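Peer 1: need a structure here:
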Amino acid sequence: MRIDQLPPLDAVLLSHLHGDHFDRVAKRDLPREPPVVTTPHAARRLQRWGFAAATGLATWDDWEVVRGDERLRVTAVPARHGPVGVHRLLPPVTGTIVDLERGGIRVLRAYVTGDTLRVPELRAVRERFAGIDVMITHLGGTRVLGVLVTMDGRQGTDLVELIEPATVVPVHYDDYRVFRSPLEHFVAEMRRRGHDDRLRTVARGDTVELAPRTR
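Peer 2: Numbers count the residues shown, from 1 in each chain. Here you go, the predicted model:
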């Protein structure tokens, strides 16, 4: 899908500033008007590139957009792009909780993991944000010099068991040559542990509707 094929954008969520998330095409063609909600590190650079509405959120900070009786709240949550120490060699990354409210009532809660490992800091996501309807799970099993820096199929399933979302949408598993854990690894591990009923895979160009769990 090209940028000119996207619907009108209220905002863009960017977990971090890396070539497989914000590439030269995005830098050149993405409209400058919509806010880009991201890390403080990425926001500073985006502002220098002309994205004046780029907004950097520290962990647990939030940002909102309101359209009529609908309110979308974005909250930055912990993420760590590698083992302690190694993660400092990569751009800072954030996870995101997205809450959609209609008439003051929450109708959807989504968790976008960002590029993270299944690390102890993520327990706080479960503690602070119960009832996650959809978890958009960044996978790939990326390894840099043999060191794992994004979740593979096993870690991704570990996180599913920690967060307990109603639906899991895997992404970020075939965009880079350094990925070592294809989608099939995650699907097989989810099936082995009895969670395949939560899984919604999306092919490129397809659309998946995000619905709240049955309350």
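Peer 1: low-confidence ranges, the chain, go.
Peer 2: The model of the chain has pLDDT under 70 over residues 87, 213-215.
Peer 1: ranges for the helices of it?
Peer 2: Here the chain has its helices, by DSSP state H, at 24-29, 40-48, 123-128, 153-163, 183-192.
Peer 1: L145 is nearest to which of those?
Peer 2: helix 153-163 (18.4 Å; Cβ to Cβ). C-beta: built from backbone N, CA, C; applies to glycine.
Peer 1: mind giving me the packing neighbours of that closest one?
Peer 2: With contacts defined as 3 or more Cβ pairs under 8 Å, 6 or more residues apart in numbering; DSSP states H and E, the packing partners of helix 153-163 are helix 123-128, strand 134-138, helix 183-192.
Peer 1: only C-alpha atoms, please: export that helix in PDB.
Peer 2: In PDB, the C-alpha atoms belonging to helix 153-163 read as follows (Å, rounded to 0.1, in the frame of the first residue of the first chain):
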ATOM      1  CA  GLY A 153       7.700 -17.000  18.300                       C
ATOM      2  CA  ARG A 154       8.400 -18.200  21.800                       C
ATOM      3  CA  GLN A 155       8.800 -14.800  23.400                       C
ATOM      4  CA  GLY A 156       5.800 -13.500  21.500                       C
ATOM      5  CA  THR A 157       3.600 -16.300  23.000                       C
ATOM      6  CA  ASP A 158       5.100 -15.600  26.400                       C
ATOM      7  CA  LEU A 159       3.800 -12.100  26.100                       C
ATOM      8  CA  VAL A 160       0.400 -13.200  25.000                       C
ATOM      9  CA  GLU A 161       0.200 -15.300  28.200                       C
ATOM     10  CA  LEU A 162       1.300 -12.300  30.300                       C
ATOM     11  CA  ILE A 163      -1.100  -9.800  28.800                       C
END
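Peer 1: can you tell me what sits against that helix?
Peer 2: By Cβ atoms under 8 Å, 6 or more residues apart in numbering, the surrounding residues in contact with helix 153-163 are 111, 113, 117-118, 122-123, 125-126, 132, 135, 137, 139, 141, 148, 151, 168, 170, 181, 185-190, 193, 195, 198.
Peer 1: would you mind finding the most buried of the helices and strands packed on helix 153-163?
Peer 2: Each of the helices and strands packed on helix 153-163 was assessed for mean neighbour count using mean count of other Cβ atoms under 10 Å. The highest is strand 134-138, with a mean of 25.
Peer 1: just checking: what are the partner strands of that strand?
Peer 2: strand 105-112 (parallel), strand 167-171 (parallel) (DSSP bridges).
Peer 1: now for the helices and strands packed on helix 153-163, which one comes closest to Q47?
Peer 2: Using Cβ to Cβ, the nearest of the helices and strands packed on helix 153-163 to Q47 is strand 134-138, at 24.7 Å.
Peer 1: tilt between the closest one and helix 153-163?
Peer 2: 150 degrees (axes from the mean of the first three to the mean of the last three Cα atoms, to 10 degrees).
Peer 1: could you check stretch 27-35 and say which residues are buried?
Peer 2: For stretch 27-35, the neighbour count (16 or more other Cβ atoms under 10 Å) marks 30, 34-35 as buried.
Peer 1: out of those residues, which is nearest to M1?
Peer 2: Closest approach to M1 among these (Cβ to Cβ): L30, at 12.9 Å.
Peer 1: no further queries at this time; thank you.
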